[in-house]
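**Q** The following comprises the amino acid sequence and a computationally predicted model.
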Amino acid sequence: MPRHTRPAPVRGAALRMRLTSGRGGPLGREDGVIFVTVLGVILIVTLLVGALVVATMSETALSSGQLRGAQALFLAEAGAYRALAELRHRLAVQLDARLATAIGDVLAAWCASDQGAMVVAEFAHFEGPSDWGADPGRSEAVLALGGGRPIAALGRDGREVGTFTAAVRVRSAGGDAPPPECRSGAEAEERYRFFVHYEVLSVGSAGGARRGVRLSSPPDRPVELLLERASLARWALLLLDTSETWLTDGTVVDGPAHTNGEWWIWGAPVFGGPVSSAAPTIRFGNCGAPVSLRQADNPRSGSCAGDHPVYRGGQPHLGVSRVAFPDSPPKPARAALGLDPEGPDPVDADIQRATADQAGARGAVLVANDGVSVRHPDTRRPGGLYIRGDVERMVLAAEGPRQVILLRLAEGRSPVWRVEIDWAAEEVRVGQGERAGAGRTYRGRPNGVVFVEGAIRGLSGTVHRDSVLTIAASGDIRLVDHLVYAEPPGRGGEAVNLLALYSTTGSVLVDGAEAPRDLYVDAVVLAPRGRFAVDGHDTVEDRGTFHLLGGIVQATFGPVGSFDPLADLRRGYARVIRHDRRLQDRTPPALPRSARFAAVRRPPDSLYDKPVWQEIPVPQRSP
């Protein structure tokens, strides 16, 4: 049996050797170094990752702040330009609309104290009370867009991006601006001219960011406010009495339109400008069962398709003030003789005094003159042509620098009269016969008034590029062919041609049997005691479209065509009236003005100059 031997005790050195030694290397030197190194690397990586995270968070916060700041600036700019657009609309449209209620004495008082801002505060607003705040002591008017409440801006997803507030301040220009022009007196001459500056302040907010923008009128270009008695030529269509003629499909009135009665609308006529009526209702055809409604169109009802006029210049204003024809308008008969247009009708003694070198009998074409020039011998005013008796034919022609007017009078076997107006040489020649150069010559520029003491039975021709004429007659004026400008507006150049046809007591008519298809007339037509109409509108065949460039003023609305909606039958002309925009600030001679005031904007219009842009500091909200 083997003998068990007790193991010998282990010594301390050997024990330590076993505890500190393994696989051939010392743990405290190699593995410890690796462990410490790993811990250091982990710490460094952790610090780097932390720094990167912090930097990323800072960059994100900074980018977000920059984005919000940019959004706030864009919102402020958008608010400023929106407020500027509001101001422009109010001065260009609403000011003119509200001036119908202006009183001349009040305007004169404001003009004397240079209170153009008060004009803005009182009249440059929409229906209802004025939303401007006025400070007469500082000659300022202030408008807070949206009543001063923040206006939200929405993104494409419909969510709110931010808000803006904007206010407009208008003040009298003063300083180096021209002084106010205050001219009162006769209705035909009353005028008030102011100059103002504007300033728009807008603040945009997005998130916690706020930025501000200011727009202001250029210091050397104040905005002009010109208020004057409204020329009757400033409307594309003005009805002084009743309508009683339907505006139908195919009718276009491209410009301001007003009636002192009801509009009669059948179908879908087109209005291209502001529309107003003194009546509170519009009469609609209603498929043959006419009805008057207090609304802009006649909705579909049963089998009737209704009546749906197109209003491109905004919804019609119903129940507004009447536009009255003046009780004592200027008289073209007096103007043609070189007399003051205001006054009684001229008598034989007046005519003989103004044309002393001519016979002065009926059946004559007379030139007002002092023996040498086209001036009245006493008043020294320029004169025009005075024609005694009915005119059978009047034809206008443009020959070189001359406006030629050929006339054949209606009495007996009258010869042809030839009148030459040389605008460049400032000469007028009148004589009998169609040959150029015949007759007597007068120096000077005539005032452009041609008055016929009777009727004009046939009128046509071309208006010279330099001619500004008013052809007036005490009787009817009848158009038999095209009557157009040699150079219509809008073709460039410097043509100034303007024409007015004015029947003081009768009507202006188109001869439906003689006039061509698709007739063109360039003129503003006035028949304040009659109408403008087509003779034979319901008997002649379809003649296409009657095109008028200018405007029509008449007592009652005359027909130019007729239609049978059941038989789809049309006779006469369709009607297209395009307003000559130049008539907003220019008027042919000797035309009357209404009793109401108008706001006139003249090109170049400083209201539409590029504004001065500036970013302004605004206080930031507390976080």
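**A** Cool, the structure landed.
**Q** Give the buried residues for stretch 98-111.
**A** Within stretch 98-111, the residues scored as buried using 16 or more other C-beta atoms under 10 Å are 98, 99, 100, 102, 104, 107, 110, 111. Every residue, glycine included, has its C-beta placed from N, CA and C.
**Q** Kindly check the end-to-end length of it for me.
**A** End-to-end distance for stretch 98-111: 18 Å, by C-alpha to C-alpha, to the nearest Å.
**Q** repeat for stretch 84-97
**A** Stretch 84-97 stretches 19 Å from its first residue to its last (C-alpha to C-alpha).
**Q** that older thread, let's see which of the buried residues of stretch 98-111 end up in helices.
**A** Within the buried residues of stretch 98-111, residues falling in helices by DSSP state H are 98, 104, 107, 110, 111.
**Q** Residue 341 and residue 513: what is the separation?
**A** Plainly put, residue 341 is 36 Å away from residue 513 if you go by C-beta to C-beta, to the nearest Å.
**Q** So which of these two has more stuff around it?
**A** Legend: neighbour count by other C-beta atoms under 10 Å for residue 341 and residue 513, higher for residue 341 (21 against 12).
**Q** which residues of the stretch 51-200 of the chain fall in helices?
**A** Listed in chain order, the helices of the stretch 51-200 of the chain (DSSP state H, counting those that start in this stretch) span 95-98, 104-112, 116-123.
**Q** export the ones you listed to TSV and tack on mean pLDDT and distance to residue 331?
**A** Output for the helices of the stretch 51-200 of the chain, formatted as TSV (pLDDT from 0 to 100; distance: least, C-beta to C-beta, whole Å):
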stretch	mean pLDDT	distance to residue 331
helix 95-98	87	28
helix 104-112	93	22
helix 116-123	96	32
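**Q** Kindly reformat these as a markdown table containing distance to residue 226.
**A** Output for these, formatted as a markdown table (distance: least, C-beta to C-beta, whole Å):
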| stretch | distance to residue 226 |
| --- | --- |
| helix 95-98 | 10 |
| helix 104-112 | 11 |
| helix 116-123 | 11 |
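**Q** so where is the stretch 301-450 of the chain shaky, pLDDT-wise?
**A** Within the stretch 301-450 of the chain, the stretches with pLDDT under 70 are 359-363, 412-413, 437.
**Q** Nearest to residue 203, out of the ones in helices among the buried residues of stretch 98-111: which one, please.
**A** When these are ranked by distance to residue 203 (C-beta to C-beta), residue 98 comes first, at 29.5 Å.
**Q** what's near enough to touch that closest one?
**A** Applying C-beta atoms under 8 Å, 6 or more residues apart in numbering to residue 98 gives the contacts 122, 123, 124, 125.
**Q** can you pull the contacts of residue 339?
**A** Contact analysis of residue 339 by C-beta under 8 Å, 6+ apart lists 346, 350, 354, 376, 379, 381.
**Q** Ok, residue 219 next?
**A** Applying C-beta under 8 Å, 6+ apart, we find residue 219 in contact with 197, 612.
**Q** Which secondary structure state does it sit in?
**A** Following DSSP: H, G, I helix; E, B strand; the rest coil, we place residue 219 in the coil state.
**Q** still on that earlier bit, I'd like the ones in helices among the buried residues of stretch 98-111 as JSON lines, with distance to residue 118 appended.
**A** Shown next, in JSON lines, are these (distance: C-beta to C-beta, whole Å):
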{"residue": "98", "distance to residue 118": "13"}
{"residue": "104", "distance to residue 118": "15"}
{"residue": "107", "distance to residue 118": "10"}
{"residue": "110", "distance to residue 118": "5"}
{"residue": "111", "distance to residue 118": "10"}
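**Q** and which of these is nearest residue 471?
**A** Among those, and counting by C-beta to C-beta, the member closest to residue 471 is residue 104, at 31.2 Å.
**Q** That closest one contacts residue 184, doesn't it?
**A** Yes - in this structure, residue 104 is within contact of residue 184 by C-beta atoms under 8 Å, at 6.2 Å.
**Q** any residues in contact with both of the two?
**A** Common contacts of residue 104 and residue 184 (C-beta under 8 Å, 6+ apart): residue 190.
**Q** how about residue 386, secondary structure?
**A** strand.
**Q** check contacts around it.
**A** By C-beta under 8 Å, 6+ apart, residue 386 lies in contact with 333, 336, 337, 351, 354, 355, 365, 366, 367, 368, 451, 453.
**Q** and the third one, how many residues sit next to it?
**A** Going back to what we said before, that points to residue 337. 26.
**Q** State the phi and psi torsions of it.
**A** For residue 337, the backbone dihedrals are phi -90, psi 0 (criterion: degrees, to the nearest 10).
**Q** roughly how far apart are it and residue 381?
**A** 9 Å.
**Q** Give me the three-state assignment for the spatially closest residue to residue 481 that is not a sequence neighbour.
**A** The shortest distance from residue 481 to any non-neighbouring residue, by C-beta to C-beta, 6 or more residues apart in numbering, is to residue 460 (3.5 Å). Three-state assignment for residue 460 (three-state DSSP): strand.
**Q** What of residue 353?
**A** Going by three-state DSSP: residue 353 is helix.
**Q** going forward can the numbers begin at 32, since that is how I track them
**A** Sure, I'll start counting at 32 from here, so that last one is residue 384.
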